[in-house]
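1. generate coordinates for the sequence data below:
(chains A and B)
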Amino acid sequence: MTARRIDRPLTGLLLITAVLVILPLAGLSAYSLRAFERELLPELDKKALTVGLFVNSKIERALDFGIPFDKLEGMSEFFAPILATNEDISYLAVTDLDGTVRYQWALPDDQRQSLAPAAAEAQGIRSGLPIPQYSDPLAPLAALLGREQAEHNTQARVLGNFHNTALPIEQGDELVGVLHVGANQRFAVKQMRDIVFDIGIVFVVALLAAFELLLLVVTLNFSEPLRRVHFVMSEAAKGNFNHRLAMRTRTQIGHLGRQLDSLIERVNQGYTSLMRPAAAAQQTRVLDHLQHRFTFAQDGAPKVYRQSVLLGIRAATFLFMFAEEIARPFLPLYVREFTTPFVGISQDLLISLPLSAFMLGVALTMPFAGPWCERIGYRKAFVSGAALASAGLVGTGIATGFYDLIAWRVCAAIGYAIMFAACQGYVVEKTQADNRAQGIAVFVGGIMVAAICGPAIGGMLADRIGYTWTFFVGAALAACSAWLAYGLMTPGARRHSPQTQRSGIQWADFKVVLSEPRFVVLMLFAAVPAKLLLSGFLFFLVPLLLTHLGSNQAEIGRIVMTYGLANVVLMSLCARFADRLNAHGFMVGSGGVIAGTGMIPMIFFPNSSLVLLGVVLLGVGQAMSISSQLVLATQVCHKQIAAHGQGAVLGLYRFIERLGGAAGPFVVAGFVTLFGYVGAMMATGILGVLTATLFSVLFLIMGVVPEEDDQDEDDFSPAQASA
Amino acid sequence: MNFRIAATITTAVACALALTVMLNYVKFERTFSRLLESRFAFVVLDLRTVIQTGLDLGLELSAMSNIQTVLERAAERDDQILSIAVYDEQNNLAFKHSELGSSEQTVPPDWLAASQGNEALDSYVGDPDVGIVGMALINNFGYRVGSIVLRYDDSFYTLALQHTLLELIHTAVAILGITALVAIIWVWLLFHGINRSLLRMQAAISELLNNPGTGDFQPAHNSELEMCYVDTEKKSLEALNQLAAAQKVLVLEQRLGRG
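-> Residues are numbered from 1 along each chain as shown, chains lettered A, B, ... in the order given. The predicted structure follows:
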């Protein structure tokens, strides 16, 4: 059975899920809008009345001094500042008793004619009557849900797109004119427009999360069991009765699996019963004949056919990374609340410390985490890592001082490193060389999706429920990831034989690898700057800079999210392009230049759109360069890999790269101290462009491999290296 | 399986709806509170302009007897206004429009703490049903010579928020119920064919186990799994028949050997 046929229901499910997410969200938002209009418009009318009474009293005072109604001077100058400070009021106008406009400010042309009936009405009534009920398209739904329609009881009338409050103007006892105060009827719609982006983000994140969960549920309950049933059936159809399913699920597939096991057991029982009674010579002849046509379980117990499902770890990793990414858009702002400038140390340098401590914690823990996870088992290690990270997030949320905040960030970093090492180790354990890349792609996919969802939701939550509660949400998600990992990761046998990839780093490796000048150039001018830009610009500077420019948390989250989006869309495309053209050096150099270039224009036009451009180009540049950097590392160190193993070289590569990440916030904080937020963005961009240019020039001079090794170059495949 | 899949979809929709309710509600709450505050802030600003005119003319705050009338007129215009009070430099009550409680004889300390002074308009929620908007009064030399504080009844505001939140939750729950129903029906439709096929194969194996030799399973022509099952059934029958035959041969040979 082909994978496409098995996955066909999944496509249908994803489609219906998309529909089932978008329709309720749209329906609820439309309903909310109507409910808000019902509550907000009367309040807006009250505001218009307050403003109207104030304006009216001033005009009547002027009239009491004997100024004729048609000779009032400076009315526009009087109206303008009132409208400027009360954005919810749309216009102010004074008409004659017949509705002719005498004085006005911001009155739309098409509204002039409408004021006559309102003026006439104002002369007749002094007390409010209910304004005509606006037509509510969701009224039937409201009635169905038992909602009563509230009645507006104000002096306002609906005139065109406005709620017009008309107040008579008196000179002595004589009615001389009418004051009109207009409030936009679409006020609620305008307010709700602000959250359209947020609801869009909720839709995207809900869809991505639903797809992740559906993928897991359908794979565990449907696709994978069906594949197993199909495999055992196909083998039996070929005469091989040496596999059974041993399914425990109570689904239809589970029942079929057990029936199939019974059939196979029956066949094998028949075979074992032959082995008991007969004389040796006759038995051998008969058995030989049967064995020629069929394969039976020799001991009467067929082998259980089971394959490791890596999707479990994808879901757990997705949740864990979601939890970690949730604080991305506001962590520097949160840290700022704990800092006061020391003598000689700027506040921005202090803000960078907990961020750098986290990165450093990850970098220093990783080399030890690998062997430790191997020793205690990957499932236990994942659960421990997630629990530590969860505690770190709670601690960060309730930290009372700067130093305990740093301690909690380090705690979260250790958890992060352990979880990451456990994931990598688990994938290596559960896959073979031929499907390892696929296995890694499964769990990296979860990380990438989380990099999109986490910052967007984190920003939104921080904006609404505050930093502390958002950290708690992150902690709960990390705890859920531990629970999920415990349920879905199969505990493996402890390893006694050495692994194919060594996970720890030994100091001797430094000497070996750093003796290769190309590796040093790659690290200094490509790998380290890439991580430095990522942590320094995206994690540290962007939240601070955007806040400086007036953006709220939700906007910051949306902008940070675009980095993950660019990565997801372009990463595999760029990797394929680089592999096809063997242009890894080019991709690293040009990716670095693009990432840096995006940050430079900010100095000329400081606004949030250019920060967005910087983040998107950082995502594009890093999507181009990250996977190519890894391939280049294996290419330039192929001799060292041959001698010491790929694990040692790549472990060291990752370690140095992470140190760059740890330096990032600190370096960029230094730029902020020197040049301010906007200048720091440009300086970071220049640093990125300079290092990428130096990398390109040096690699053009040196080549990927030494001259004498050129003849060997063709023998070395990049695919081998990246595997 | 159908239930688990439908539950997964429903959970995702429930999370999305919960987030949307939260987003909508918080936006509503902020807009409503801003609108409410801005109305009373407008009144305070108007009163401040009147008082400030006197201060600019060099009058002492205590000497401006017209303030009392101005306060009463302003309070009459809005029945949500509980009190308007003007406090002097020492934060003691100078003018009022209504009988104030003993705690209101001086500037509310919480409001004073929140107050930025000078030109800022500060608002503060005193107790759950009372909102406070106030502003400092500044003389010609830029010194703070008093403050004006307006208390308003915002109990209706709390009620409106509760009502809106409940309404949103009820609507979300109703929508979720409909969604769950659609999800269950859709999943059932989507997996109905496969489940029927699985049931047919189960029955066929059962039949085969109970009455060996009766395998006559008719596969649906578009089901790859059923086609595969037919081959499995044939091979299993063949194996069972051959095993039975071998058993007979061995028993026969055993008897012949004994004979």
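2. can you pull the poorly scored residue ranges out of the stretch 101-250 of chain B?
-> B:101-128, B:212-215, B:221 (pLDDT under 70).
3. quick one: the strands in it, in order.
-> B:121-125, B:130-138, B:144-153 (DSSP state E, counting those that start in this stretch).
4. wait, which of those is closest to A:Val304?
-> Nearest to A:Val304 among these is strand B:121-125; the distance by C-beta to C-beta comes to 65.2 Å. C-beta here means a position set from N, CA and C on the backbone, and glycine is covered the same way.
5. re the thing from before, now the strands of the stretch 101-250 of chain B as a markdown table including mean neighbour count?
-> Shown next, in a markdown table, are these (neighbours: other C-beta atoms under 10 Å in any protein chain shown):
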| stretch | mean neighbour count |
| --- | --- |
| strand B:121-125 | 19 |
| strand B:130-138 | 22 |
| strand B:144-153 | 22 |
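6. for the helix or strand containing A:Glu429, what is the distance to the chain centroid?
-> Counting by DSSP states H and E, the element that carries A:Glu429 is helix A:402-430. Mean-position distance between helix A:402-430 and its chain equals 19 Å (C-alpha atoms, centre = their mean, to the nearest Å).
7. now swap in stretch B:20-39 and tell me
-> That offset, for stretch B:20-39, works out to 13 Å (C-alpha atoms, centre = their mean).
8. in that stretch, what's buried?
-> B:20-29, B:31-33, B:35-39 (16 or more other C-beta atoms under 10 Å in any protein chain shown).
9. so which of these are also by chain A?
-> B:20-24, B:26-28, B:31-32, B:35-36, B:38-39 (C-beta under 8 Å from any C-beta of the partner chain).
10. hmm, back to that, any chance of the strands of the stretch 101-250 of chain B in JSON lines, plus distance to chain A?
-> Below are the strands of the stretch 101-250 of chain B laid out as JSON lines (distance: least, C-beta to the nearest C-beta, whole Å):
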{"stretch": "strand B:121-125", "distance to chain A": "10"}
{"stretch": "strand B:130-138", "distance to chain A": "12"}
{"stretch": "strand B:144-153", "distance to chain A": "11"}
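11. got a markdown table for those strands, with distance to A:Phe472 too?
-> Formatted as a markdown table, the strands of the stretch 101-250 of chain B follow (distance: least, C-beta to C-beta, whole Å):
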| stretch | distance to A:Phe472 |
| --- | --- |
| strand B:121-125 | 25 |
| strand B:130-138 | 29 |
| strand B:144-153 | 34 |
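12. tell me which of those strands approaches A:Val593 most closely.
-> Closest among those, using C-beta to C-beta: strand B:121-125, at 50.1 Å.
13. what's around the residue lying closest to A:Gly445 once chain neighbours are set aside, how many residues?
-> The shortest distance from A:Gly445 to any non-neighbouring residue, by C-beta to C-beta, 6 or more residues apart in numbering or on different chains, is to A:Arg314 (6.3 Å). A:Arg314 has 26 neighbours, counted by other C-beta atoms under 10 Å in any protein chain shown.
14. packing partners of the host helix or strand of A:Arg314?
-> Per DSSP H and E, A:Arg314 falls inside helix A:311-325. In terms of contacts (3 or more C-beta pairs under 8 Å, 6 or more residues apart in numbering or on different chains; DSSP states H and E), helix A:311-325 is packed against helix A:196-218, helix A:378-398, helix A:402-430, helix A:436-465, helix A:467-488.
15. can you point out the buried residues in the fourth one?
-> Pointing back at helix A:436-465 there. A:436, A:439-440, A:442-464.
16. any idea how far the spatially closest residue to A:His289 that is not a sequence neighbour is from B:Lys234?
-> Excluding the flanking residues, the one nearest A:His289 by C-beta to C-beta, 6+ apart is B:Ala246, at 7.4 Å. Taking C-beta to C-beta, to the nearest Å as the measure, B:Ala246 falls 18 Å from B:Lys234.
17. now do A:Tyr334
-> Counting by C-beta to C-beta - A:Tyr334 and B:Lys234 are separated by 68 Å.
18. give me the more crowded residue out of the two.
-> A:Tyr334 (22 against 14).
19. and the angle from the helix of greatest length in chain A to helix A:196-218?
-> In chain A, with assignment by DSSP state H, the single longest helix is helix A:3-64. What separates the directions of helix A:3-64 and helix A:196-218 is an angle of 160 degrees, with axes from the mean of the first three to the mean of the last three C-alpha atoms, to 10 degrees.
20. give me the mean pLDDT for the helix or strand just after helix A:3-64.
-> Note on helix A:3-64: by DSSP H and E, the next helix or strand toward the C-terminus is helix A:75-85. For helix A:75-85, mean pLDDT is 86.
21. show me what counts as buried in helix A:75-85.
-> A:75, A:78-79, A:82-83.
22. so where is the stretch 101-250 of chain A shaky, pLDDT-wise?
-> In the stretch 101-250 of chain A (pLDDT under 70), the answer is A:124-155.
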